[in-house]
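Peer 1: Take this sequence and fold it.
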Amino acid sequence: MLPVDRFNSFIQQHQLLDQQSRILAAVSGGMDSVLMVHLLRAAGYTFGLAHCNFQLRGSEADADQQFCRQLAETMQVPFYTVNFDTGAYAREHRISIQMAARELRYQWFEQTRQLHQYDAITLAHHQNDTIETILLNLTRGTGIAGLHGIMPKNGNLVRPLLFLTRQEVADMIAQNALPYVEDSSNASTKYARNKIRHDVVPKLRELNPNLEATFQRNLNHFKELEVLLNAQLVTLRNKLLLPIGNEIHIAINEVKQLHPQHLLLHGLLKAYGFNETTVDDVISALSKHAGRRFESLHYSLLLDRESLILAPKTPPQVAAVSLSESTQEVIFHNYTLRISTSIDTVLKPDPMVAMVDAGLLTYPLTLRTWQQGDYFIPLGMPHRKKLSDFFVNQKIPLLHKSQVPLLVNGNGDVIWVGGYRLDNRYKVTPQTKKVAIFELLKS
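Peer 2: A predicted model of the protein is given here:
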């Protein structure tokens, strides 16, 4: 029997999904994601399956992809899949294979969710994944936010299996005779997470056979501490941060009275991009001569006689560019925009690519930055949204929002917030006869 009641109870307790939600379920073919989709079906949800082939394990990865395709056919639900050249992406962006796979899959999941109008993406993490994440964070260094582990919900990402341990998942797979595939790379300890899973956690379980239950209690304590800290920071922001024009002044005598000083000052300044090392330098300089300046990516912090003065760095002015129907490539600030057309409507899994119904375009188009009053209708949403609110929701820094490329139609509509979201009115539909493809490249 499947634990449908526990599944539904966990979803309701954390307000993860509505019964009417359309769900895009991320599946690898492993036992975790297989159990998740069987629970979704047993609970009566409407869902489709999404699978990424990272092309890192040759024929084994292809077999996993085929297994997921057959699983979708058996369940009679939509199936979406993509093949990534993960190695090339990692080399191009100078990141690890694991980070490349993470970036690629989450970008593609969100694009697929928007294009096919799903409400949420479900991921099959369980309690042991949370333990591994906390141990990884502790090993690498973390603040209190890194101690709460994997959250049940983060935006459109939902994790409805966090009420189960890995052993419970394995038991349910066996009891219900559910077929799945095993990723051979999970057995390798060359990856940090696998080393923790195979070498560290078993040793901890020798010390505490009830490791999962203990970690769950600790998690709850850490979450409560984080809530308490954030409430204190809200109070301090209202008390200490004094807006004066485009600057924010913080009285030095108030900073000196903070306790614990480093924790609270970092909490106040990290929203402006200042890391812990810089905060240590600021604290060391508080009793020294005025005039020292500290820099984050978008802000400067001046040590004045009586105040710390926060000010945004002045963004460069970016001139608008006009695009005719024959334009194929233009330079815009730190980007190159390439334009092409196609009758192929296959989704390109990249937030830097917009596929638009060419029949809806009115030339000349304009490539420009944000202006006060701009709005659009984000893909998958029925109502318009101010771009200023969209930037806040996307946690785009104040300075950066003035440099985000906007593709604007000849009638004034914002077609695409470059690198973030297409306008719902200009999406490709089954009635589209010709597709205009806009691709942004970092210069």
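
Peer 1: Give me the buried stretch members for the longest helix seen in the chain, please.
Peer 2: The longest helix of the chain (DSSP state H) is helix 211-240. Judged by neighbour count using 16 or more other C-beta atoms under 10 Å, the buried positions of helix 211-240 are 211, 212, 215, 216, 219, 222, 223, 229, 233, 236, 240. For the C-beta atoms, the positions are set from N, CA and C on the backbone; glycine is no exception.

Peer 1: of these, closest to residue 404?
Peer 2: residue 233 (27.7 Å; C-beta to C-beta).

Peer 1: Model confidence score at the nearest residue to that closest one once chain neighbours are set aside, please.
Peer 2: Excluding the flanking residues, the one nearest residue 233 by C-beta to C-beta, 6 or more residues apart in numbering is residue 267, at 4.5 Å. Looking at residue 267, its pLDDT stands at 93.

Peer 1: contacting residues for residue 267?
Peer 2: By C-beta atoms under 8 Å, 6 or more residues apart in numbering, the contact set of residue 267 is 229, 233, 236.

Peer 1: Surely it is within a helix?
Peer 2: Yes: the assignment for residue 267 by DSSP: H, G, I helix; E, B strand; the rest coil puts it in a helix.

Peer 1: beta partners for residue 330?
Peer 2: Assessed by DSSP bridges, residue 330 has beta-bridge partners residue 337.

Peer 1: ok, now which ones touch it?
Peer 2: Residue 330 makes contact with 321, 323, 336, 337, 367, according to C-beta under 8 Å, 6+ apart.

Peer 1: one step back: now render the buried residues of helix 211-240 as a markdown table, adding pLDDT and distance to residue 437.
Peer 2: What follows is these, written out as a markdown table (pLDDT from 0 to 100; distance: C-beta to C-beta, whole Å):
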| residue | pLDDT | distance to residue 437 |
| --- | --- | --- |
| 211 | 90 | 50 |
| 212 | 87 | 48 |
| 215 | 87 | 47 |
| 216 | 85 | 47 |
| 219 | 84 | 45 |
| 222 | 87 | 45 |
| 223 | 84 | 44 |
| 229 | 91 | 46 |
| 233 | 93 | 44 |
| 236 | 95 | 48 |
| 240 | 96 | 49 |
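
Peer 1: out of those residues, who's nearest residue 176?
Peer 2: residue 212 (21.4 Å).

Peer 1: how close does the closest one get to residue 200?
Peer 2: 14 Å (C-beta to C-beta, to the nearest Å).

Peer 1: Can you tell me the strand partners of the host helix or strand of residue 356 and which way each runs?
Peer 2: Taking DSSP states H and E as the definition, residue 356 sits inside strand 353-357. The strands that strand 353-357 pairs with in its sheet are strand 435-442 (antiparallel) (by DSSP bridges).

Peer 1: For the partner strand, list every residue counted as buried.
Peer 2: Neighbour counts over strand 435-442 (16+ other C-beta under 10 Å) mark 435, 436, 437, 438, 439, 440 as buried.

Peer 1: Tell me if I'm right that the first one and residue 353 touch.
Peer 2: Spelled out, it's residue 435. No: here residue 435 lies out of contact with residue 353, judged by C-beta atoms under 8 Å, at a distance of 11.1 Å.

Peer 1: Please list the residues outside stretch 356-368 that contact it.
Peer 2: With contact meaning C-beta under 8 Å, 6+ apart, stretch 356-368 is reached by 318, 320-325, 330, 332, 337, 341, 405-411, 415-416, 422, 425-429, 432-438.

Peer 1: Restricted to strands, list these.
Peer 2: Using DSSP state E, the subset of the contacts of stretch 356-368 located in strands is 321-323, 330, 332, 337, 341, 406-408, 415-416, 422, 435-438.

Peer 1: domains for this structure, by residue range?
Peer 2: The chain resolves into domains spanning 4-211, 241-312, 321-442 when parsed by automatic domain parsing.

Peer 1: what about the stretch 151-300 of the chain, any weak spots by pLDDT?
Peer 2: For the stretch 151-300 of the chain, applying pLDDT under 70 flags the ranges 187-190.

Peer 1: a helix runs through residue 193, doesn't it?
Peer 2: Yes: assessed by three-state DSSP, residue 193 belongs to a helix.

Peer 1: And it, how close does it get to residue 133?
Peer 2: According to C-beta to C-beta, residue 193 and residue 133 sit 8 Å apart.

Peer 1: which of these two has more neighbours?
Peer 2: Neighbours were counted for residue 193 and for residue 133 using other C-beta atoms under 10 Å; residue 133 has more, 19 against 15.

Peer 1: Name the residues of stretch 18-35 that are buried.
Peer 2: Across stretch 18-35, burial judged by 16+ other C-beta under 10 Å covers 21-35.

Peer 1: With stretch 304-314 instead?
Peer 2: Using 16+ other C-beta under 10 Å as the test for burial, stretch 304-314 gives 307, 308, 309, 310, 311, 312.

Peer 1: Out of the residues you listed, which is nearest to residue 61?
Peer 2: residue 312 (45.7 Å).
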